[in-house]
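Engineer: Provide a 3D model corresponding to the input given below.
(one chain, ligands or ions: 1)
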Amino acid sequence: MTAEEILSKLVSFPVLGGESNLSIIHWIKDYLEKHNVEGVLVPNEEGNKASLHCRIGPAVSGGIILSGHTDVVPVEGQDWNTEPFDLIDKSDGKLYARGSCDMKGFAACCLAALPDMVKADLKKPIYFAFSYDEEIGCLAAPELVQAINDYYDEKPQFAIIGEPSMMIPTVGQKGICIFETVVTGSEGHSSRIKQEVSAIHEAMRLVLWLEDKMNSLIGAGRIDDRFTPNHTSIHIGKIAGGIAPNVIAQECKFNWDVRTIPSETPQEIFEEFEVYCRSREKELRSVFPDFAIKTSNIHPAVPGLNTQADQEIVSLTQQLANEQKLDAVSYAAEAGQFAEGGFEAIICGPGDIAQAHRANEFVAKEQLDKCMNFMQNLIAHLR
Ligand SMILES: [Zn+2]
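Structural biologist: Below you'll find the predicted structure:
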């Protein structure tokens, strides 16, 4: 099967982040088995989702993991001109479908190159690692990485995550962490604003503290020019509180995210924020003894990627992709999780992230060709 034929099959499984991916993962597993490669499933606790890994080539240390996710984002509310889960060739050099770009194109190239990988007398192995629930926060990758480390006695050296990067080696990725803060104040008639504690008023103070914190990091020169924007961002994206203009709000909650450049940690920001929250509690409990601010991490932190230009994976990927340029991205991906697992990691895959997550998503055929060249170069390199 060609990459295009496999891609057509892969996009026909409408597996959204959060949903069971067993349909697509079993199709991949069967495909591997037809080529005498054993796919190992890494199921979740409920048994309705699974990641998959496999090894092609000898049981020796070293070699490369090629990784991608099997889930996609929803199409609801988007203005699609074609059926999103059919791969449509409009003869304009582009293949349209949800997931064509992010990121089943890369998986299709891996699978299309499999027969050649199997036939080649590889000196170092190639691993495939396919995850689920990436689109709802890179949830499955840590377990998949752990499973690879546990299952094989030999350790792979590199990991290439095929997120759409126009086949440009991408060495940096921001980390992300999402929080929810709940402020509990005291209800009352709005005329009593000095005798009660408004949860909304206090929440506003906290929101501004977070914005000031971001600006103070920028002011302190904590920037990384590989990224746009070149600093850690803190953003409050959702807020709710109060019931009427004349009622002092008893509760206000807001959700915020921190997207860190690799040299920063969300932990540091969170801890400083907590110190500030405790000081507000101390002050306001003289007015209302049950005043409280509680912040919880509503999503596991996804680490950034901070691969250095002189690491071996960088020159290798440049050589395989025939591309000297290096890039960094501000979106979250699984590459940082693979790096934490002990593999030199990089992002490099077909398609443009600008096409991802939107209506009429496509991957250029020329990008798939580039990725297939990459696979052939990889086989030649490991032979
Ligand atoms: Zn993706």
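Engineer: now for the residue nearest to Asn377 when sequence neighbours are not counted: which residues touch it?
Structural biologist: Spatial nearest neighbour of Asn377, excluding adjacent residues (C-beta to C-beta, 6 or more residues apart in numbering): Leu320 at 4.5 Å. Every C-beta, even on glycine, is put in place using the N, C-alpha and C of the backbone. Going by C-beta atoms under 8 Å, 6 or more residues apart in numbering, Leu320 touches Phe374, Asn377, Leu378, His381.
Engineer: turn those residues into TSV, including distance to the ion.
Structural biologist: What follows is those, written out as TSV (distance: C-beta to the ion, whole Å):
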residue	distance to the ion
Phe374	18
Asn377	23
Leu378	20
His381	25
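Engineer: any of the residues you listed buried? List them.
Structural biologist: Neighbour-count burial (16 or more other C-beta atoms under 10 Å) applied to the contacts of Leu320 gives Phe374, Leu378.
Engineer: wait, Ser186 sits on Gln250?
Structural biologist: Yes: using C-beta atoms under 8 Å, Ser186 makes contact with Gln250 at a distance of 6.6 Å.
Engineer: secondary structure class for Leu316?
Structural biologist: helix (DSSP: H, G, I helix; E, B strand; the rest coil).
Engineer: which residues touch it?
Structural biologist: Each residue near Leu316 by C-beta under 8 Å, 6+ apart is listed here: Phe158, His381.
Engineer: cool, Ala309 as well?
Structural biologist: Val171, Leu326 are the contacts of Ala309 under C-beta under 8 Å, 6+ apart.
Engineer: ok, now the one 5 residues further on?
Structural biologist: Going by C-beta under 8 Å, 6+ apart, Val314 touches Pro169, Val171, Thr307, Gln308, Leu326, Ile346.
Engineer: do that again at 7 Å, thanks
Structural biologist: Pro169, Val171, Thr307, Leu326, Ile346 (C-beta atoms under 7 Å, 6 or more residues apart in numbering).
Engineer: likewise Ala301?
Structural biologist: Residues in contact with Ala301 (C-beta under 7 Å, 6+ apart) are Gly175, Cys177, Pro266.
Engineer: wait, a helix at it?
Structural biologist: No: under three-state DSSP, Ala301 falls outside any helix and is assigned strand.
Engineer: can you give me the pLDDT of it?
Structural biologist: We have a pLDDT of 90 for Ala301.
Engineer: on that earlier part again, show me the contacts of Ala301 that map onto strands.
Structural biologist: Per DSSP state E, strands hold the following members of the contacts of Ala301: Gly175, Cys177.
Engineer: can I get the contacts of Ala301 in TSV with pLDDT?
Structural biologist: Conversion of the contacts of Ala301 to TSV gives the following (pLDDT from 0 to 100):
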residue	pLDDT
Gly175	94
Cys177	94
Pro266	93
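Engineer: between the contacts of Ala301, which is nearest Glu211?
Structural biologist: Within the contacts of Ala301, proximity to Glu211 (C-beta to C-beta) peaks at Pro266, which comes in at 15.7 Å.
Engineer: give the contact list for the closest one.
Structural biologist: Per C-beta under 7 Å, 6+ apart, neighbours of Pro266: Gly175, Cys177, Val258, Thr260, Ala301.
Engineer: do Leu206 as well
Structural biologist: Thr181.
Engineer: with adjacent residues omitted, what lies nearest to Pro262?
Structural biologist: Once flanking residues are discounted, Pro262 sits nearest to Asn306: 3.4 Å by C-beta to C-beta, 6+ apart.
Engineer: tabulate the CA atom coordinates of stretch 121-140 in PDB.
Structural biologist: Only the C-alpha atoms of stretch 121-140 are listed here, as PDB (Å, rounded to 0.1, in the frame of the first residue of the first chain):
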ATOM      1  CA  ASP A 121      19.000  -5.800   6.900                       C
ATOM      2  CA  LEU A 122      18.900  -3.100   9.600                       C
ATOM      3  CA  LYS A 123      21.900  -2.900  12.000                       C
ATOM      4  CA  LYS A 124      19.900  -0.700  14.400                       C
ATOM      5  CA  PRO A 125      16.200  -1.100  15.000                       C
ATOM      6  CA  ILE A 126      13.300   1.200  14.100                       C
ATOM      7  CA  TYR A 127      10.500   1.400  16.600                       C
ATOM      8  CA  PHE A 128       6.900   2.600  16.000                       C
ATOM      9  CA  ALA A 129       5.100   4.200  18.900                       C
ATOM     10  CA  PHE A 130       1.400   5.300  18.400                       C
ATOM     11  CA  SER A 131      -0.500   6.900  21.200                       C
ATOM     12  CA  TYR A 132      -4.100   8.100  21.900                       C
ATOM     13  CA  ASP A 133      -5.600  11.100  23.700                       C
ATOM     14  CA  GLU A 134      -2.800  13.400  22.500                       C
ATOM     15  CA  GLU A 135      -5.300  16.100  21.400                       C
ATOM     16  CA  ILE A 136      -6.800  16.400  24.900                       C
ATOM     17  CA  GLY A 137      -3.500  17.000  26.600                       C
ATOM     18  CA  CYS A 138      -0.800  14.400  25.600                       C
ATOM     19  CA  LEU A 139      -2.300  12.000  28.200                       C
ATOM     20  CA  ALA A 140      -1.100   8.600  26.900                       C
END
